[in-house]
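Trainee: Take this sequence and fold it.
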Amino acid sequence: MPELKAEDSIRIAEGCHLDAQFPNCLGTMDGKHIRVKKPPHSVSRFYNYKQCFSVVLLALADTTYKFIIVDIVAYGSTADAHIFSSSRWSERFHANQLALPEARRLPGSVGPPAPFLIVADEGFALIIHFMRPFSRRNLDEKRHIFNYQLTRARRYVDCAFGILSNKWRVFLSSL
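Mentor: This next block holds a predicted model:
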């Protein structure tokens, strides 16, 4: 896939602000299990929590349902956070080798500039440049509203996976 440039990141963030009302968002990340037939001598590495064999497609999508970054090298039993942390993209991300835009103020804010971030679900660790929802326990109204807005932004990656599966129906059965 083409290398993500700072201009592309800003365009994606502007789209996320307009479409999902979530500013400074570089895209939404999630994993999708792609069912496979049991590989010979695989033991249980491919067996996942859904009681089938799979590999995991980890992807970052924008608000046009376009995949920006994908990683398809994980066993079905591997959690999304571990897949990301062991990916080449994660290494570059943590080494500051990606062309991330400079932090900028949120719209309507007079506070300090906010960094650009990636929206993910509870399966990912809370690290710099990643945003995930608050725990569902003991949510006050502000956190509940924040979780709702974050979920609205995160739906784009889920929809992108749905479009992928419906366009190429082979993803709905075991490969």
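Trainee: Now do stretch 47-58: everything it contacts.
Mentor: Around stretch 47-58, the neighbours that count as contacts under C-beta atoms under 8 Å, 6 or more residues apart in numbering are 29-39, 42, 46, 70-78, 80, 83-84, 87, 161, 174. Backbone N, C-alpha and C define where each C-beta goes, glycine included.
Trainee: same thing but at 7 Å, please
Mentor: By C-beta atoms under 7 Å, 6 or more residues apart in numbering, the residues outside stretch 47-58 that reach it are 31-38, 46, 70-72, 74-78, 80, 83-84, 87.
Trainee: Name the residues of it that are buried.
Mentor: Going by neighbour count (16 or more other C-beta atoms under 10 Å), the buried part of stretch 47-58 is 47-48, 53-58.
Trainee: taking these one by one, which sit in strands?
Mentor: In strands, defined here by DSSP state E, the members of the buried residues of stretch 47-58 are 54-58.
Trainee: so where is this structure shaky, pLDDT-wise?
Mentor: 1, 42, 73, 169-175 (pLDDT under 70).
Trainee: top helix in it by residue count?
Mentor: helix 141-167 (DSSP state H).
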